[in-house]
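1. Quick one, structure for this:
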Amino acid sequence: MRLSREKTNRLSHVITDLLVASQDVVFVEDRDTIRQSIVQTLQTLLKEEEQVEAQVRKKIGSQKREILEGTEEWEVLYRRYYSEEMRRMGVVHLTSHSSNS
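-> Numbering: from 1, shown residues only. Take a look at the predicted model:
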């Protein structure tokens, strides 16, 4: 997922505002330092997610036969491999399951 710099900054402000409003959080740094740390964390997470997506696409592309993006088979493999990569990184990935019954 890609977020523009403006969206990342806006999200960091929203998160900081929520933390400030929480009575469970005590700041030991000034608000701007916390916000900048949130921006750095978001950028790191987004970069890692891009790497996971690239790895998943590589796995799908390495199948014995070509699997076209957008097909149900491609989507199933993408979700499976994405979840595997996230677990490998120690991140629990929750997916929504749709039922066609």
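2. Could you check how far the residue nearest the centre of the chain is from Glu85?
-> Centroid-nearest residue in the chain: Glu49, 5.0 Å away (criterion: Cα atoms, centre = their mean). Going from Glu49 to Glu85 by Cβ to Cβ, to the nearest Å gives 10 Å. For glycine as for every other residue, the C-beta is placed from the backbone atoms N, C-alpha and C.
3. ditto for Glu69
-> Relative to Glu85, and taking Cβ to Cβ, Glu69 is found at 17 Å.
4. and those two? which has more neighbours close in?
-> Remark: of Glu69 and Glu85, Glu85 carries more neighbours, 20 against 11, as counted by other Cβ atoms under 10 Å.
5. Skipping adjacent residues, who's closest to Ser37 in space?
-> Leaving aside its chain neighbours, Ser37 sits nearest to Glu29 (7.8 Å; criterion: Cβ to Cβ, 6 or more residues apart in numbering).
6. still on that earlier bit, residues touching the residue nearest to the centre of the chain, list them.
-> Neighbouring residues of Glu49 by Cβ atoms under 8 Å, 6 or more residues apart in numbering: Met1.
7. Any figure for the gap between it and Gln63?
-> Glu49 is 22 Å from Gln63, by Cβ to Cβ.
8. Tell me which residues of the longest helix along the chain come out buried.
-> Across the chain, the helix with the greatest residue count (assigned by DSSP state H) is helix 31-61. For helix 31-61, a neighbour-count test (16 or more other Cβ atoms under 10 Å) marks 34-35, 38-39, 42, 49, 52, 56, 59-60 as buried.
9. First-to-last residue distance for stretch 53-67?
-> End-to-end distance of stretch 53-67 (Cα to Cα, to the nearest Å): 16 Å.
10. State the mean pLDDT of that stretch.
-> For stretch 53-67, mean pLDDT rounds to 96.
11. in what helix or strand does Leu11 lie?
-> helix 5-21 (DSSP states H and E).
12. Can you tell me what sits against that helix?
-> Helix 5-21 has contacts (Cβ under 8 Å, 6+ apart) with 3, 25, 27, 31, 34-36, 38-39, 42-43, 46.
13. ok now it, how far from the chain's centre?
-> 17 Å (Cα atoms, centre = their mean, to the nearest Å).
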